[in-house]
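J.: Take a look and give me a structure for this.
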Amino acid sequence: MENSPSRSDENTWTTQLRLGLFGSGLSIPVTTYYPKKLVNWKFAFKDGNSSHIEEYPWPMMRLADLYLMYAEALNESEGPTADVFLYLDKIRKRAGLEGIQESWSKYALNPAKPTSKQGLRSIIQRERNIEMSFEGSRFWDLKRWKLAAQELNKNITGWDRNQDKDHPELFYKEQTFFNNVLWHREITSGR
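T.: As a prediction, this is how the structure comes out:
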């Protein structure tokens, strides 16, 4: 049996990580945050426990990465300009989302946020975290933004993987796995 019913990225099988479901016995991250973007849609389980794995040609640099860096640099040098929104909106359009200004004017509690340099900086950082997640740039972004000490000292949280398949509302309840303050204290004290 092939893993994907459509043999495309549409209508694929989903990960089933709650206790008692198919994927719960697989090697999964402790947080149960599982990045689909790193799995090639051509990967398939076949009859007889065999599988087909096609190597993924990892890009050295993505166009979206360049657009985000350019928008960030423009915002820092000139503030919110049409070009900043143009490059951010190209990324959002590819993802099927409305542009920054349209989205913030319709759905945000603070619709004026994209009109200031600081507000747009925060939006660009969030867009970058989403678009580039699991691609190895977060640490360097945090260092560049001078947020590494603040962000990397937060607790490690995730979903409760010990909840069974009949209680998804409990599975999606966030819990703390590692308290960074306690972990740091144990490491430095030699325990």
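J.: Now for the spatially most central residue of the chain: which residues touch it?
T.: The residue lying closest to the centre of the chain (Cα atoms, centre = their mean) is residue 133, at 3.9 Å. By Cβ atoms under 8 Å, 6 or more residues apart in numbering, the contact set of residue 133 is 35, 37. The way it works is simple: take the backbone N, C-alpha and C, and place the C-beta from them, glycine included.
J.: Quick check: the gap between it and residue 126.
T.: As judged by Cβ to Cβ, to the nearest Å, residue 133 and residue 126 stand 11 Å apart.
J.: one step back: does the residue nearest to the centre of the chain count as helix, strand or coil?
T.: Assigned state for residue 133: coil (three-state reduction, DSSP: H, G, I helix; E, B strand; the rest coil).
J.: what sits in contact with each of residue 133 and residue 126?
T.: By Cβ under 8 Å, 6+ apart, no residue touches both residue 133 and residue 126.
J.: residues near the closest residue in space to residue 180 that isn't next to it in sequence, how many?
T.: Excluding the flanking residues, the one nearest residue 180 by Cβ to Cβ, 6 or more residues apart in numbering is residue 153, at 5.2 Å. Around residue 153 there are 11 other residues, counting by other Cβ atoms under 10 Å.
J.: So which residues make contact with stretch 137-146?
T.: 65, 125, 128, 129, 132, 148, 151, 152.
J.: Contacts only, for the last one.
T.: So that's residue 152. 139, 142, 180.
J.: what's the answer for the third one, then?
T.: Contacts were defined as Cβ under 8 Å, 6+ apart; by that measure residue 128 touches 68, 72, 137, 141.
J.: Would you confirm that the residue nearest to residue 180 contacts residue 178?
T.: No: using Cβ atoms under 8 Å, residue 153 is not in contact with residue 178, being 11.4 Å away.
J.: circling back: now do the residue nearest to residue 180, the pLDDT please.
T.: We note a pLDDT of 86 for residue 153 in this prediction.
J.: could you redo the contacts of stretch 137-146 as TSV and give each row secondary structure?
T.: Formatted as TSV, those follow (three-state DSSP):
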residue	secondary structure
65	helix
125	helix
128	helix
129	helix
132	coil
148	helix
151	helix
152	helix
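J.: From those, list the buried ones, please.
T.: Among these, those buried by neighbour count (16 or more other Cβ atoms under 10 Å) are 65, 125, 128, 132.
J.: can you name the two of those residues that are farthest apart?
T.: 65 and 125 (13.9 Å; Cβ to Cβ).
J.: Make sure residue 175 is indeed in a helix.
T.: No: secondary structure of residue 175 (three-state DSSP): strand, not part of a helix.
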